[in-house]
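[1] turn this into a structure:
(2 chains)
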Number of protein chains: 2
Amino acid sequence: MMKLTILGCHSATPRENKHTTSQLLEIKGNLFLIDCGEGTQIQLRKAKIKFARIQHIFISHLHGDHFYGLIGLISTFRLLGRIAPLHIYGPKGIQEIIQLQLKLAKSWTDYPLYFHELISTHSECIFNEDDIQVETIPLDHRVYTNGFLFTYKNSHRKINTEACSKYDIKPYHFNQLQQGKSITLENGEFIENKKLTFPPESAKRYAYCSDTAYSESIINKIKGADLLYHEATFLHQHEGLAKNTKHSTAQQAAEIAKNAEVKQLVLGHFSSRYPSKEEFIQEAAPIFKAVELAEDFKTFSI
Amino acid sequence: MMKLTILGCHSATPRENKHTTSQLLEIKGNLFLIDCGEGTQIQLRKAKIKFARIQHIFISHLHGDHFYGLIGLISTFRLLGRIAPLHIYGPKGIQEIIQLQLKLAKSWTDYPLYFHELISTHSECIFNEDDIQVETIPLDHRVYTNGFLFTYKNSHRKINTEACSKYDIKPYHFNQLQQGKSITLENGEFIENKKLTFPPESAKRYAYCSDTAYSESIINKIKGADLLYHEATFLHQHEGLAKNTKHSTAQQAAEIAKNAEVKQLVLGHFSSRYPSKEEFIQEAAPIFKAVELAEDFKTFSI
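    Just a heads-up that it's a prediction; the model follows:
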């Protein structure tokens, strides 16, 4: 299972109780931070997240509302005595920005800090560990931008408890069964794995797409995802503005969700010009029914 | 008159309701921002400050808790359609940090942005306009750091309304009188300026000293200031830690205030290790009585 927590979902500038983009994705005990607008570290404190558990940060692009909080978080990690390594994935240039500030502050981190700079305009796998895979989703924005596709492929077979109860199964057998191995009971009886287990749960996939113009080229990559976060900075009435600034409307986000046949759509990155966010739902729902609005601290289970 | 608003007064890292260093000083309608920790732009919004009125920002040093909010503020100014020029005063390197981020975001400001980089280890005058002067106060910290001494020298003489009531003074005369000129009444009578005015109010001086180790070398510069903000990161019990990290204790801040014969002392830049701030007052007051604690959004009239 994955759990997504929205830390900020507003565009451009942070305001009181309206934070710029950041999300936390939990997969099997691992915490992945996606984007890091100014003030993200305070949002993490409010959400009662243990900072040391975050070991991988993914930055979509170098506009301030998606990464101005990163240097502060890196510094705070140091002040809190962090030992655990930290990996940063983001556009080329991110390392220079961070290291210049650390150098001028004479405040190098005591913990290992690794940068994984991205330059490819094709999707690539940038993380693959422990049944979790992260691939980039090249987006169409004013600067080089990637979305991220998180896939959790649980390779463990599920124990068929009813079938197991008919045999003298010992605790050490369960591990073997989960790994797909057939077992030999202590009385010498051999039992095939399939008799005692079900196939692993199907893979879970979360697609994060912000910021981007309407771009059909992403559909193939995110096809059938369990959850899609797609930016909807504007409403249809401002479609021209969306085009000029390479953002999307709620209608366009819904079209992508529909064509990609995802299971659920979450809209975010709202422009502050709209006093009510309900219109985003009204615009998207006729095209794609399973749509929700992002809200700071709202969580989604996948 | 000057009005000081504390926007943040806590050290190291921002927390919920505890913001890192930033202050706003208003002198004669001019707004000067002093330091700019992460989240300062949200604090400014909470304080209902019109952003365009800030035309000069003074950065003491390049530790994150004093300037990580600057790039966000500069970007927000642009997004709000700012036209007014902005002047940044701070240690050498600040221009490179800001410009690198603007370049990688392809987001140059549309308004004129001027950097005034500081390298001198001696006090120098860095601003002198409209009866307002700002001088640096070289401080002793782990990186190159300046405090700032703001002087408002009102050159306008005060009108002696009682004396004026005895003559047929016309409105245009008042301007001449404030400027120190003698006047000729419409009946041809000449009257010396001194008969109709009082001397200008004495100059007002605000000294901002953060971050710094205990340093007697600043005493001469800040002598007799109306208000001194002096960092007090630690209590006396952690004097060794203060020395190692080049910070001050409440006791040391009080010693400086006493020896500099300032009129009032405000303590700030508190370490988060102390649950109660009252001990800072208890420690400082026996040495220097007119002492107060900084608090976010607290104001001081000078």
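
[2] number of nearby residues for A:Ser165?
    A:Ser165 sits with 8 neighbouring residues when counted by other CB atoms under 10 Å in any protein chain shown. To be clear about C-beta, it is placed using only N, CA and C from the backbone, and glycine gets the same treatment.

[3] could I get the phi/psi values of it?
    phi -70, psi -20 (degrees, to the nearest 10).

[4] same deal with the one 5 residues further on?
    Dihedral angles phi and psi of A:Lys170 (degrees, to the nearest 10) take the values phi -90, psi 160.

[5] just the one 5 residues further on next, same as before
    Recorded main-chain torsions at A:Asn175 are phi -60, psi -40, according to degrees, to the nearest 10.

[6] so which bits of chain A are right by chain B?
    Where proximity means CB under 8 Å from any CB of the partner chain, the interface of chain A facing chain B comprises A:12-16, A:38-39, A:41-42, A:45-46, A:62-64, A:68-69, A:71-72, A:75-76, A:79-80, A:91, A:93, A:96-97, A:100-101, A:104-107, A:142-143.

[7] buried among these? Need that as a selection in ChimeraX.
    Command for ChimeraX that selects the buried part of the residues of chain A next to chain B, burial taken from 16 or more other CB atoms under 10 Å in any protein chain shown:
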select /A:12,13,14,38,39,41,42,45,62,63,64,68,69,71,72,75,76,91,93,97,100,101,104,105,107,142,143
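
[8] so which of the residues of chain A next to chain B belong to helices?
    Residues from those lying in helices, with DSSP state H as the criterion: A:41-42, A:45-46, A:64, A:71-72, A:75-76, A:79, A:96-97, A:100-101, A:104.

[9] of these, closest to A:Ser248?
    When these are compared for distance to A:Ser248 (CB to CB), A:Gly64 wins out at 19.4 Å.

[10] ok, the residue nearest to the closest one when sequence neighbours are not counted to A:Gln43 distance?
    Spatially, and ignoring its direct neighbours in sequence, A:Gly64 is nearest to B:Ser75 (4.5 Å; CB to CB, 6 or more residues apart in numbering or on different chains). Taking CB to CB, to the nearest Å as the criterion, B:Ser75 is separated from A:Gln43 by 19 Å.

[11] quick one: low-confidence ranges for the stretch 101-250 of chain A?
    By pLDDT under 70, the stretch 101-250 of chain A contains no weakly predicted segment.

[12] all the strands of it, residue numbers only.
    When secondary structure is read from DSSP state E, counting those that start in this stretch, the stretch 101-250 of chain A shows strands at A:113-118, A:125-129, A:132-138, A:146-152, A:158-159, A:183-184, A:190-191, A:197-198, A:204-209, A:227-231.

[13] residues contacting the nearest residue to A:Gly81 once chain neighbours are set aside?
    Beyond its immediate neighbours in the sequence, the residue positioned closest to A:Gly81 (CB to CB, 6+ apart) is A:Asp110, lying 7.7 Å away. Neighbouring residues of A:Asp110 by CB atoms under 8 Å, 6 or more residues apart in numbering or on different chains: A:Arg78, A:Gly81, A:Arg82, A:Ile83.

[14] report the distance from stretch A:71-88 to the chain centre.
    20 Å (CA atoms, centre = their mean, to the nearest Å).

[15] what count of nearby residues applies to the residue in the stretch 201-302 of chain A that chain B sits nearest to?
    Of all residues in the stretch 201-302 of chain A, A:Ser272 sits closest to chain B, at 9.7 Å by CB to the nearest CB. For A:Ser272, the number of neighbouring residues by other CB under 10 Å comes to 12.

[16] what is the nearest of the contacts of A:Asp110 to chain B?
    For the contacts of A:Asp110, the closest approach to chain B (CB to the nearest CB) belongs to A:Arg78, at 9.8 Å.

[17] the closest one reaches A:Tyr111, doesn't it?
    Yes. If you go by CB atoms under 8 Å, A:Arg78 and A:Tyr111 touch, sitting 7.0 Å apart.

[18] with neighbour numbers in mind, choose between the two.
    Higher neighbour count among A:Arg78 and A:Tyr111: A:Arg78, with 19 against 16, using other CB under 10 Å.

[19] show the contacting residues for that one.
    Applying CB under 8 Å, 6+ apart to A:Arg78 gives the contacts A:Ser107, A:Thr109, A:Asp110, A:Tyr111.

[20] circling back: buried subset of the contacts of A:Asp110 as a ChimeraX selection?
    Provided next is the ChimeraX selection string for whichever of those are buried by 16+ other CB under 10 Å:
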select /A:78,82
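
[21] ok, the helix or strand hosting A:Leu24: who's next to it in the sheet?
    Under the assignment given by DSSP states H and E, the secondary-structure element containing A:Leu24 is strand A:22-27. Counting by DSSP bridges, the strands paired with strand A:22-27 are strand A:2-8 (antiparallel), strand A:30-36 (antiparallel).

[22] can you give the domain ranges for chain A?
    Using automatic domain parsing, the domain parsing of chain A gives A:2-154+A:201-301, A:158-198.
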